[in-house]
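Q: Dropping a prediction and its sequence here:
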Amino acid sequence: MTTSGRPVKATVFGTGSWGTAFAMVLADAGCDVTLWGRRAEPVEAVNSTRTNPDYLPGVELPANLRATTDAAEAAHDADFTVLAVPSQTLRENLAQWAPLLAPGTVLVSLMKGVELGSAMRMSEVIEDVAKVGADRVAVVTGPNLAREIAARMPAAAVVACSDEKVAQRLQAACHAPYFRPYTNTDVVGCELGGAVKNVIGLAVGIVDGMKLGDNAKGSLITRGLAETTRLGLSMGADPLTFSGLAGLGDLVATCSSPLSRNHTFGTNLGRGMTLQETIAVTKQTAEGVKSCESVLDLARRHGVDMPITETVVGIVHEGKPPVVALKELMSRSAKSERH
Ligand SMILES: NC(=O)C1=CN([C@@H]2O[C@H](COP(=O)(O)OP(=O)(O)OC[C@H]3O[C@@H](n4cnc5c(N)ncnc54)[C@H](O)[C@@H]3O)[C@@H](O)[C@H]2O)C=CC1
Ligand SMILES: O=C(CO)COP(=O)(O)O
């Protein structure tokens, strides 16, 4: 309930896997939820059959969740405006929605990417486009594979906002029996954890596809977290964030799960599929494919060495064969683990 005595109103823009699953979490936590979709078909399916067959087949959605294609209707009066579109289209999408936003609404990013060109994190894009301060922007992240959440399997998550009180309000709004959110005020670290783990997930997928074993996987996860932490430190993040849900937690889930699109994308490449073939069989957003370039851009702007990210860019965008890329990664000059 809000202080005015009515249920918390949340709107989720994006009827993809995570947008729909998180709308379900909010509804199960007692919010009055509206889901906005650009296509009429999934919106009608949500309203008439309580399903979203394209993105969450077999999942029955709660009754206190309705969908619309009308952005003004969706945005009206929302306490929380949740954004769940691909990272690279957020700027263009939000520019259309910004004039419709409810005064005082908190904008919540579900996205795990970095904008190409500007190298901006999603919360920065939101502040820029919606012209709101950091205290009105929150991030939800952590080990939250949408299909598991939609099956109401247990998970913890992080809700991050520079204003702890806002994070606590969002925490209360999305705390469902199977979804346990923790607050954090380190927005930079939480966002970097999510965006970079998609890149490391691609690398681990490639190694899995090449059947290189679990030592290789453990090594990549650990060194992947080391380079994420290096980048985070250079950008003012709290290093502890990376050993939490937004860092290690998310990395472990993605790198072990066949449900992860980034991991699966990498596995297909590692098995020998070409980039074009892999893109053709990938029906949903695998953010790391584009964000590996913007993460590398960010690393270069901050003078940080990110060899695994660089290797992924080489394979995904420069046509480097995985065997060659791996050989180069392994033959880098010897270093201290603290580097
Ligand atoms: N699926 C998952 O398990 C999780 C995903 N995320 C993040 O959530 C974000 C959204 O991912 P998903 O919902 O999984 O993606 P998805 O691929 O399942 O859905 C994307 C949604 O965006 C819409 N869309 C695509 N292009 C668009 C455009 N140009 N304009 C407006 N809408 C457009 C699609 O119609 C769809 O509704 C990503 O940043 C992802 O990294 C975060 C945690 C879990
Ligand atoms: O971020 C995710 C889980 O927390 C989902 O990962 P994928 O985008 O790789 O499916």
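A: Sure, I can see it. Ligands and ions are numbered 1, 2, ... in the order given.
Q: who's in contact with whichever residue of the stretch 101-250 of the chain sits closest to ligand 2?
A: Closest approach between the stretch 101-250 of the chain and ligand 2, counting by Cβ to the nearest ligand atom: Asn144, at 4.2 Å. Where you see a C-beta, it was placed from the backbone N, CA and C, and this is true even at glycine. Residues touching Asn144, when contacts are defined by Cβ atoms under 8 Å, 6 or more residues apart in numbering, comprise 18, 21, 155, 157, 250, 253.
Q: What of Ile149?
A: The neighbourhood of Ile149, defined by Cβ under 8 Å, 6+ apart, consists of 21-22, 24-25, 155, 178-179.
Q: cutoff 7 Å now
A: Residues near Ile149 by Cβ atoms under 7 Å, 6 or more residues apart in numbering: 21, 25, 155, 179.
Q: Where does it sit: helix, strand or coil?
A: For Ile149, the secondary structure call by DSSP: H, G, I helix; E, B strand; the rest coil comes out as helix.
Q: The one 10 residues further on now?
A: Using three-state DSSP, the secondary structure recorded for Val159 is strand.
Q: And for Ala98, nearest residue in space, chain neighbours not counted?
A: Ala130 (4.8 Å; Cβ to Cβ, 6 or more residues apart in numbering).
Q: That neighbour - how many residues pack around it?
A: One way to gauge burial is a neighbour count; for Ala130, by other Cβ atoms under 10 Å, it gives 20.
Q: Excluding chain neighbours, what is closest to the residue most central in space within the chain?
A: Computing the C-alpha centroid of the chain and ranking residues by Cα atoms, centre = their mean puts Lys112 first, at 2.8 Å. Excluding its sequence neighbours, the residue lying closest to Lys112 (Cβ to Cβ, 6+ apart) is Gly194, at 3.6 Å.
Q: what's near enough to touch the one you found?
A: 112, 141, 246, 250.
Q: contacting residues for the first one?
A: With contacts defined as Cβ under 7 Å, 6+ apart, the neighbours of Lys112 are 141, 194-195, 198, 287.
Q: If we use 6 Å, what do you get?
A: Lys112 makes contact with 194-195, 198, 287 under the criterion Cβ atoms under 6 Å, 6 or more residues apart in numbering.
Q: Same check on Leu35?
A: 12, 15, 23, 67.
Q: next one: Thr309
A: 199, 292, 295-296.
Q: Now with 10 Å, please.
A: Residues in contact with Thr309 (Cβ atoms under 10 Å, 6 or more residues apart in numbering) are 196, 199-200, 202-203, 224, 227-228, 231, 288, 291-293, 295-296, 298-299.
Q: Am I right that it sits in a strand?
A: No. Counting by three-state DSSP, Thr309 is located in no strand; its state is helix.
Q: distance of it from ligand 2?
A: 15 Å (Cβ to the nearest ligand atom, to the nearest Å).
Q: swap in Asp79?
A: Going from Asp79 to ligand 2 by Cβ to the nearest ligand atom gives 24 Å.
Q: pretty sure that residue contacts Ala173?
A: Yes. With contact defined as Cβ atoms under 10 Å, Asp79 reaches Ala173; the gap is 7.4 Å.
Q: tell me the pLDDT at the residue nearest to Ala98?
A: Looking at Ala130, its pLDDT reads 98.
Q: and what of Ser4?
A: So, for Ser4, pLDDT stands at 70.
Q: Equivalent analysis for Arg338, please.
A: Arg338 carries a pLDDT value of 85.
Q: And it, how far from Asp70?
A: Look at Arg338 and Asp70: by Cβ to Cβ, to the nearest Å, they are 54 Å apart.
Q: More neighbours: which of these two?
A: More neighbours sit around Asp70 than around the other of Arg338 and Asp70, counting by other Cβ under 10 Å; the figures are 12 against 5.
Q: Excluding covalently adjacent residues, which one is nearest to that one?
A: Nearest residue to Asp70, sequence neighbours excluded (Cβ to Cβ, 6+ apart): Trp36, at 7.7 Å.
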